[in-house]
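Visitor: One predicted model, sequence on top.
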Amino acid sequence: MGSATEATKDISENLLGDKKVTVVFVLGGPGSGKGTQCANIVEHYGFTHLSAGDLLRAEIKSGSENGTMIQNMIKEGKIVPSEVTIKLLQTAILENGNDKFLIDGFPRNEENRAAFERVTGIVPEFVLFFDCSEEEMERRLLGRNQGRVDDNIETIKKRFKVFVESSLPVVEHYESLGKVKRIDAAKPIPEVFEDIKVIFSSLASKGTA
Ligand SMILES: Nc1ncnc2c1ncn2[C@@H]1O[C@H](COP(=O)(O)OP(=O)(O)O)[C@@H](O)[C@H]1O
Ligand SMILES: Nc1ccn([C@H]2C[C@H](O)[C@@H](COP(=O)(O)OP(=O)(O)O)O2)c(=O)n1
Ligand SMILES: [Mg+2]
(Lines give C-alpha, C1' and ligand atoms only; values in the text may rest on other atoms or scores of the structure.)
(Ligands and ions follow the chains in the order given, each with its own letter.)
Protein backbone atom coordinates (compact mmCIF):
# COMPACT_ATOMS: atom_id res chain seq x y z
CA MET A 1 0.00 0.00 0.00
CA GLY A 2 0.99 3.60 0.03
CA SER A 3 1.15 4.59 -3.63
CA ALA A 4 -1.78 6.31 -5.30
CA THR A 5 -1.89 3.58 -7.94
CA GLU A 6 -2.31 0.87 -5.34
CA ALA A 7 -5.01 2.86 -3.57
CA THR A 8 -6.98 3.24 -6.83
CA LYS A 9 -6.65 -0.47 -7.52
CA ASP A 10 -7.98 -1.37 -4.08
CA ILE A 11 -11.06 0.80 -4.54
CA SER A 12 -11.66 -0.65 -7.98
CA GLU A 13 -11.56 -4.17 -6.57
CA ASN A 14 -14.10 -3.16 -3.94
CA LEU A 15 -16.59 -1.73 -6.40
CA LEU A 16 -16.28 -4.16 -9.28
CA GLY A 17 -15.19 -7.20 -7.30
CA ASP A 18 -12.64 -9.17 -9.30
CA LYS A 19 -14.30 -8.29 -12.59
CA LYS A 20 -11.84 -7.14 -15.26
CA VAL A 21 -13.43 -5.22 -18.10
CA THR A 22 -12.60 -3.65 -21.44
CA VAL A 23 -14.31 -0.28 -21.79
CA VAL A 24 -14.68 2.07 -24.76
CA PHE A 25 -16.18 5.48 -24.05
CA VAL A 26 -18.43 6.69 -26.88
CA LEU A 27 -18.63 10.48 -26.84
CA GLY A 28 -20.01 13.17 -29.13
CA GLY A 29 -22.63 15.88 -29.14
CA PRO A 30 -26.34 15.21 -28.70
CA GLY A 31 -27.65 13.71 -31.94
CA SER A 32 -24.20 12.87 -33.34
CA GLY A 33 -25.26 9.21 -33.76
CA LYS A 34 -23.71 7.49 -30.72
CA GLY A 35 -26.67 5.24 -29.93
CA THR A 36 -27.21 4.31 -33.59
CA GLN A 37 -23.61 3.20 -34.10
CA CYS A 38 -23.35 1.47 -30.71
CA ALA A 39 -26.12 -0.87 -31.89
CA ASN A 40 -24.00 -1.69 -34.97
CA ILE A 41 -20.88 -2.28 -32.86
CA VAL A 42 -22.79 -4.60 -30.50
CA GLU A 43 -24.01 -6.65 -33.45
CA HIS A 44 -20.56 -7.08 -35.02
CA TYR A 45 -18.05 -7.00 -32.17
CA GLY A 46 -19.74 -8.55 -29.13
CA PHE A 47 -19.74 -5.51 -26.89
CA THR A 48 -22.54 -4.66 -24.47
CA HIS A 49 -23.96 -1.15 -24.93
CA LEU A 50 -24.50 0.92 -21.80
CA SER A 51 -26.05 4.32 -22.55
CA ALA A 52 -25.84 6.63 -19.54
CA GLY A 53 -28.90 8.53 -20.81
CA ASP A 54 -30.91 5.30 -21.24
CA LEU A 55 -29.95 4.16 -17.72
CA LEU A 56 -31.04 7.52 -16.29
CA ARG A 57 -34.35 7.41 -18.21
CA ALA A 58 -34.97 3.86 -16.93
CA GLU A 59 -34.29 5.11 -13.40
CA ILE A 60 -36.97 7.81 -13.86
CA LYS A 61 -39.47 5.21 -15.12
CA SER A 62 -38.73 2.85 -12.24
CA GLY A 63 -40.13 5.43 -9.82
CA SER A 64 -36.85 5.72 -7.89
CA GLU A 65 -36.50 8.44 -5.26
CA ASN A 66 -34.03 10.25 -7.56
CA GLY A 67 -36.47 10.14 -10.49
CA THR A 68 -37.84 13.66 -10.20
CA MET A 69 -34.39 15.19 -9.79
CA ILE A 70 -33.07 13.28 -12.83
CA GLN A 71 -36.10 14.22 -14.94
CA ASN A 72 -35.73 17.91 -14.07
CA MET A 73 -32.03 17.91 -14.90
CA ILE A 74 -32.56 16.15 -18.24
CA LYS A 75 -35.30 18.62 -19.17
CA GLU A 76 -32.88 21.47 -18.45
CA GLY A 77 -30.06 19.80 -20.40
CA LYS A 78 -27.98 19.58 -17.22
CA ILE A 79 -25.68 16.76 -16.19
CA VAL A 80 -26.85 14.57 -13.32
CA PRO A 81 -24.42 14.22 -10.36
CA SER A 82 -21.92 11.49 -11.12
CA GLU A 83 -22.66 9.41 -8.02
CA VAL A 84 -26.10 8.62 -9.47
CA THR A 85 -24.89 7.79 -12.97
CA ILE A 86 -21.84 5.83 -11.81
CA LYS A 87 -23.96 3.68 -9.51
CA LEU A 88 -26.21 2.80 -12.47
CA LEU A 89 -23.22 2.01 -14.69
CA GLN A 90 -21.54 -0.05 -11.99
CA THR A 91 -24.69 -2.13 -11.40
CA ALA A 92 -25.14 -2.66 -15.14
CA ILE A 93 -21.54 -3.82 -15.52
CA LEU A 94 -21.74 -6.22 -12.59
CA GLU A 95 -25.11 -7.65 -13.64
CA ASN A 96 -23.86 -8.42 -17.12
CA GLY A 97 -21.94 -11.58 -18.00
CA ASN A 98 -19.98 -9.77 -20.70
CA ASP A 99 -16.62 -8.13 -20.03
CA LYS A 100 -16.61 -5.69 -23.00
CA PHE A 101 -18.63 -2.51 -22.68
CA LEU A 102 -19.39 0.52 -24.82
CA ILE A 103 -20.17 3.30 -22.37
CA ASP A 104 -22.19 5.81 -24.40
CA GLY A 105 -22.65 9.44 -23.28
CA PHE A 106 -20.34 9.15 -20.29
CA PRO A 107 -18.17 10.80 -19.00
CA ARG A 108 -19.90 14.03 -19.94
CA ASN A 109 -17.96 16.37 -17.69
CA GLU A 110 -14.82 16.47 -15.62
CA GLU A 111 -16.71 15.44 -12.48
CA ASN A 112 -18.06 12.32 -14.28
CA ARG A 113 -14.60 11.45 -15.55
CA ALA A 114 -12.64 11.90 -12.34
CA ALA A 115 -15.23 10.18 -10.13
CA PHE A 116 -15.56 7.17 -12.45
CA GLU A 117 -11.80 6.74 -12.58
CA ARG A 118 -11.54 7.11 -8.81
CA VAL A 119 -14.29 4.71 -7.81
CA THR A 120 -13.95 2.03 -10.50
CA GLY A 121 -10.28 2.28 -11.43
CA ILE A 122 -11.39 1.65 -15.03
CA VAL A 123 -9.24 3.25 -17.73
CA PRO A 124 -10.87 3.23 -21.18
CA GLU A 125 -9.23 1.28 -23.99
CA PHE A 126 -9.93 4.34 -26.13
CA VAL A 127 -12.54 7.05 -26.70
CA LEU A 128 -14.62 6.91 -29.86
CA PHE A 129 -15.50 10.53 -30.63
CA PHE A 130 -18.30 11.46 -33.01
CA ASP A 131 -17.52 14.73 -34.73
CA CYS A 132 -20.59 16.48 -36.16
CA SER A 133 -21.75 20.07 -36.73
CA GLU A 134 -24.41 21.57 -34.46
CA GLU A 135 -26.56 22.29 -37.51
CA GLU A 136 -26.66 18.60 -38.44
CA MET A 137 -27.11 17.44 -34.83
CA GLU A 138 -30.03 19.85 -34.38
CA ARG A 139 -31.69 18.51 -37.52
CA ARG A 140 -31.33 14.92 -36.28
CA LEU A 141 -32.59 15.65 -32.76
CA LEU A 142 -35.67 17.46 -34.04
CA GLY A 143 -36.40 14.45 -36.27
CA ARG A 144 -35.62 11.76 -33.67
CA ASN A 145 -39.23 11.25 -32.61
CA GLN A 146 -38.64 9.19 -29.49
CA GLY A 147 -40.88 11.38 -27.36
CA ARG A 148 -37.96 12.64 -25.30
CA VAL A 149 -38.52 15.64 -23.01
CA ASP A 150 -35.16 17.09 -24.09
CA ASP A 151 -35.54 16.91 -27.90
CA ASN A 152 -37.08 20.39 -28.22
CA ILE A 153 -35.25 23.42 -29.56
CA GLU A 154 -35.01 25.18 -26.20
CA THR A 155 -33.40 22.20 -24.40
CA ILE A 156 -31.29 21.34 -27.45
CA LYS A 157 -29.61 24.78 -27.31
CA LYS A 158 -28.84 24.23 -23.61
CA ARG A 159 -27.43 20.76 -24.32
CA PHE A 160 -25.14 22.16 -27.03
CA LYS A 161 -23.81 24.76 -24.58
CA VAL A 162 -23.17 22.10 -21.91
CA PHE A 163 -21.50 19.92 -24.54
CA VAL A 164 -19.07 22.65 -25.58
CA GLU A 165 -18.36 23.92 -22.07
CA SER A 166 -18.28 20.66 -20.10
CA SER A 167 -18.03 17.63 -22.40
CA LEU A 168 -15.47 18.76 -24.99
CA PRO A 169 -12.84 19.33 -22.26
CA VAL A 170 -13.17 15.63 -21.37
CA VAL A 171 -12.46 14.71 -24.99
CA GLU A 172 -9.46 17.08 -24.93
CA HIS A 173 -8.20 15.38 -21.78
CA TYR A 174 -8.22 12.00 -23.51
CA GLU A 175 -6.72 13.56 -26.63
CA SER A 176 -3.74 14.67 -24.54
CA LEU A 177 -3.32 11.00 -23.55
CA GLY A 178 -3.48 9.90 -27.21
CA LYS A 179 -6.68 7.91 -26.58
CA VAL A 180 -9.17 9.55 -28.95
CA LYS A 181 -10.33 7.93 -32.19
CA ARG A 182 -12.25 10.61 -34.05
CA ILE A 183 -15.01 9.72 -36.49
CA ASP A 184 -16.57 12.01 -39.10
CA ALA A 185 -20.14 11.52 -37.87
CA ALA A 186 -21.73 13.84 -40.43
CA LYS A 187 -21.65 11.12 -43.08
CA PRO A 188 -24.57 8.73 -43.73
CA ILE A 189 -25.06 5.92 -41.17
CA PRO A 190 -23.47 3.08 -43.25
CA GLU A 191 -20.41 5.20 -44.10
CA VAL A 192 -19.87 6.14 -40.45
CA PHE A 193 -20.00 2.45 -39.57
CA GLU A 194 -17.41 1.60 -42.25
CA ASP A 195 -14.98 3.96 -40.49
CA ILE A 196 -15.85 2.47 -37.10
CA LYS A 197 -15.24 -1.06 -38.41
CA VAL A 198 -11.62 -0.21 -39.23
CA ILE A 199 -11.06 0.74 -35.59
CA PHE A 200 -12.83 -2.23 -34.00
CA SER A 201 -11.39 -4.80 -36.42
CA SER A 202 -7.88 -3.72 -35.51
CA LEU A 203 -8.78 -3.93 -31.80
CA ALA A 204 -10.10 -7.47 -32.29
CA SER A 205 -6.99 -8.56 -34.20
CA LYS A 206 -4.77 -7.24 -31.38
CA GLY A 207 -6.70 -9.53 -29.03
CA THR A 208 -7.59 -6.74 -26.64
CA ALA A 209 -11.31 -7.04 -27.21
N1 LIG B 1 -25.11 9.34 -39.73
C2 LIG B 1 -26.39 9.72 -39.59
N3 LIG B 1 -27.02 10.41 -40.57
C4 LIG B 1 -28.31 10.81 -40.42
N5 LIG B 1 -29.08 10.54 -39.34
C6 LIG B 1 -28.50 9.84 -38.34
C7 LIG B 1 -27.14 9.41 -38.40
N8 LIG B 1 -26.85 8.75 -37.26
C9 LIG B 1 -27.97 8.78 -36.50
N10 LIG B 1 -28.97 9.43 -37.16
C11 LIG B 1 -30.32 9.72 -36.65
O12 LIG B 1 -30.18 10.87 -35.80
C13 LIG B 1 -30.92 10.72 -34.60
C14 LIG B 1 -29.98 10.76 -33.42
O15 LIG B 1 -29.17 9.59 -33.42
P16 LIG B 1 -28.73 8.89 -32.05
O17 LIG B 1 -28.01 7.64 -32.42
O18 LIG B 1 -29.88 8.79 -31.13
O19 LIG B 1 -27.66 9.98 -31.53
P20 LIG B 1 -27.05 10.25 -30.08
O21 LIG B 1 -27.16 8.97 -29.30
O22 LIG B 1 -25.63 10.65 -30.34
O23 LIG B 1 -27.85 11.37 -29.52
C24 LIG B 1 -31.70 9.41 -34.73
O25 LIG B 1 -33.00 9.70 -35.21
C26 LIG B 1 -30.88 8.62 -35.76
O27 LIG B 1 -31.70 7.74 -36.51
N1 LIG C 1 -23.30 11.09 -18.20
C2 LIG C 1 -24.54 11.57 -18.38
C3 LIG C 1 -25.28 11.23 -19.56
C4 LIG C 1 -26.53 11.76 -19.73
N5 LIG C 1 -27.05 12.58 -18.80
C6 LIG C 1 -28.37 13.23 -18.97
C7 LIG C 1 -28.16 14.65 -19.49
C8 LIG C 1 -28.27 14.47 -20.97
O9 LIG C 1 -28.61 15.66 -21.64
C10 LIG C 1 -29.41 13.44 -21.02
C11 LIG C 1 -29.53 12.66 -22.29
O12 LIG C 1 -28.34 11.94 -22.51
P13 LIG C 1 -28.22 10.98 -23.78
O14 LIG C 1 -26.82 10.42 -23.82
O15 LIG C 1 -29.34 10.02 -23.80
O16 LIG C 1 -28.42 12.04 -24.95
P17 LIG C 1 -27.92 11.94 -26.47
O18 LIG C 1 -27.98 10.50 -26.85
O19 LIG C 1 -26.51 12.48 -26.52
O20 LIG C 1 -28.88 12.78 -27.23
O21 LIG C 1 -29.14 12.56 -19.93
C22 LIG C 1 -26.32 12.91 -17.66
O23 LIG C 1 -26.80 13.68 -16.83
N24 LIG C 1 -25.08 12.39 -17.46
MG1 LIG D 1 -27.99 8.59 -27.38
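Guide: Great, that's in hand. Ligands and ions are numbered 1, 2, ... in the order given.
Visitor: which non-adjacent residue is nearest E136?
Guide: Sequence neighbours aside, A186 is the residue nearest to E136 in space, at 5.4 Å (criterion: Cβ to Cβ, 6 or more residues apart in numbering). Yep, even glycine has a C-beta here, placed from its N, CA and C like the rest.
Visitor: Next, the contact list for that neighbour, please.
Guide: D131, C132, S133, E136 (Cβ atoms under 8 Å, 6 or more residues apart in numbering).
Visitor: Apply 10 Å and report the result again.
Guide: Contacts for A186 were tallied using Cβ atoms under 10 Å, 6 or more residues apart in numbering; they are S32, G33, F130, D131, C132, S133, E135, E136, M137, V192.
Visitor: For these, pick the one with the most neighbours.
Guide: S32 (26 neighbours; other Cβ atoms under 10 Å).
Visitor: Touching, it and R144? I think so.
Guide: No - if you go by Cβ atoms under 10 Å, S32 and R144 don't touch, sitting 11.9 Å apart.
Visitor: Shouldn't I93 be within a strand?
Guide: No - under DSSP: H, G, I helix; E, B strand; the rest coil, I93 sits outside any strand and is assigned helix.
Visitor: show me the contacts for it.
Guide: L15, L16, K19, V21, V23, T48, L50, D99, F101, I103, T120, I122.
Visitor: so of these, which ones are in strands?
Guide: Judged by DSSP state E, strands contain the following of the contacts of I93: V23, T48, L50, F101, I103.
Visitor: Check the gap between the last one and K187 for me.
Guide: Meaning I103. Separation of I103 from K187 (Cβ to Cβ, to the nearest Å): 23 Å.
Visitor: Compare neighbour counts for those two and give me the winner.
Guide: Taking I103 and K187 together and counting by other Cβ under 10 Å, I103 has the greater number of neighbours (27 against 14).
Visitor: Quick one: list the elements packing against the helix or strand containing E191.
Guide: Per DSSP states H and E: E191 is located in helix 189-205. Packed against helix 189-205 by the contact rule (3 or more Cβ pairs under 10 Å, 6 or more residues apart in numbering; DSSP states H and E) you find strand 22-28, helix 34-45, strand 126-131, strand 180-184.
Visitor: If we use 8 Å, what do you get?
Guide: helix 34-45, strand 126-131, strand 180-184 (3 or more Cβ pairs under 8 Å, 6 or more residues apart in numbering; DSSP states H and E).
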